[in-house]
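Chemist: For reference, the sequence and a predicted model appear below.
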Amino acid sequence: MSAYFAVVPAAGIGTRFGGNQAKQYAILDGQPVIAHSLQRLLDLDEISHIALVLAAHDEQAALVSAVQNARVSRVAGGAERMDSVLAGLLSLTQARDDDWVLVHDVARPLLRPNDVRELINACAQDDVGGLLAHDVRDTMKQSRANSVGLRVEATVPRAGLMHALTPQLFRYGLLRDALLAARADGVVVTDESAAIERLGHRPRLVLGARDNIKITYADDLALAAFYLSAQRAQGICS
Ligand SMILES: Nc1ccn([C@@H]2O[C@H](COP(=O)(O)OP(=O)(O)OP(=O)(O)O)[C@@H](O)[C@H]2O)c(=O)n1
Ligand SMILES: C[C@](O)(CO)[C@H](O)COP(=O)(O)O
């Protein structure tokens with residue numbers, strides 16, 4: 001039977017979020033974002049081990065109790081998200097090629113356990129894997145900046161457009177090889193699926209909850225606090 005591992009890329013510096021510390025240490029309902037994100041994964045008994053990928057200069061992670069859990073190991077990250085994910089994967093020396101690895105951004109603290117289970121179930125018989133996603137709702141415009149400002153270039157048909165979320169779940173050996181190939185080709189991918197797609201595969205898309213937001217800009221923190229209290233009211237988390 002295949003085992004499930006997780007890699008949590010947490011080596012980013014949060015340029016778009018701003019402030020004087022990385023966004024994973026911003027406080028959300030009394031706890032740093034990293035504590036929420038890790039706890040959501042630790043609550044899933046299916047996951048045997050989590051590789052937490054941190055920036056080399058990170059001195060705050062060690063102070064977070066979820067980081068000290070025996071199922072969590074710390075790994076040094078790289079310059080791009082894909083380098084950090086690869087470092088996490090390569091640290092999982094106990095994983096076999098046909099085991100599964102869930103990659104989940106530390107910046108997504110509101111992951112619902114049921115979404116992970118749906119992703120796991122949907123991919124169970126799959127040779128490749130898949131990711132959580134949700135559909136684009138708004139009318140989409142292609143923009144172009146010119147001498148008279150920002151203008152509409154075209155209206156892009158929204159049918160079939162999806163937002164890629166995490167977790168993204170792939171076979172360990174396939175994901176490792178896909179990321180190594182992207183790196184060897186000098187291609188920077190912003191998610192695991194893109195690396196897998198480059199090899200000609202078509203990852204499965206599993207509809208995920210819209211509250212699984214990524215904290216990217218500072219105002220996302222207030223939105224996350226709102227969704228967290230709504231999840232509590234629904235009994236989705238403690
Ligand atoms: N070299 C990097 C860059 C990003 N990440 C992680 O990848 C996830 C998604 O990246 P993003 O939201 O872009 O985070 P940051 O890189 O921190 O933000 P920014 O791009 O605004 O600097 C985050 O959990 C981040 O910590 C990482 O582990 N290693
Ligand atoms: C992986 C990801 O979270 C999918 O939404 C995302 O691609 C990573 O960060 P970015 O904001 O797209 O750079």
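Modeler: Happy to help now that I have it. Ligands and ions are numbered 1, 2, ... in the order given.
Chemist: which residue packs closest to residue 151, ignoring adjacent ones?
Modeler: Nearest residue to residue 151 in three dimensions, chain neighbours excluded: residue 144, at 5.8 Å (CB to CB, 6 or more residues apart in numbering). Heads up, the C-betas are built off the backbone N, CA and C, glycines and all.
Chemist: brain fart, residue 76
Modeler: That would be residue 56: by CB to CB, 6+ apart, it lies 5.2 Å from residue 76.
Chemist: Can you verify my assumption that residue 33 contacts residue 107?
Modeler: Yes - using CB atoms under 8 Å, residue 33 makes contact with residue 107 at a distance of 6.8 Å.
Chemist: Just give me the residues shared between the contact sets of those two.
Modeler: Contact criterion CB atoms under 8 Å, 6 or more residues apart in numbering; residues shared by residue 33 and residue 107: 23, 24, 215.
Chemist: Next, format the residues you listed as JSON lines and append distance to ligand 1.
Modeler: As requested, the shared contacts of residue 33 and residue 107 are exported to JSON lines (distance: CB to the nearest ligand atom, whole Å):
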{"residue": "23", "distance to ligand 1": "6"}
{"residue": "24", "distance to ligand 1": "6"}
{"residue": "215", "distance to ligand 1": "7"}
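Chemist: Show me the helices in the protein, by range?
Modeler: Taking DSSP state H as the criterion, the chain carries its helices at 33-42, 81-91, 113-123, 172-184, 192-198, 220-233.
Chemist: one step back: and the residue nearest to residue 151, what is it in contact with?
Modeler: Counted by CB under 8 Å, 6+ apart, residue 144 has contacts 150, 151, 152, 153.
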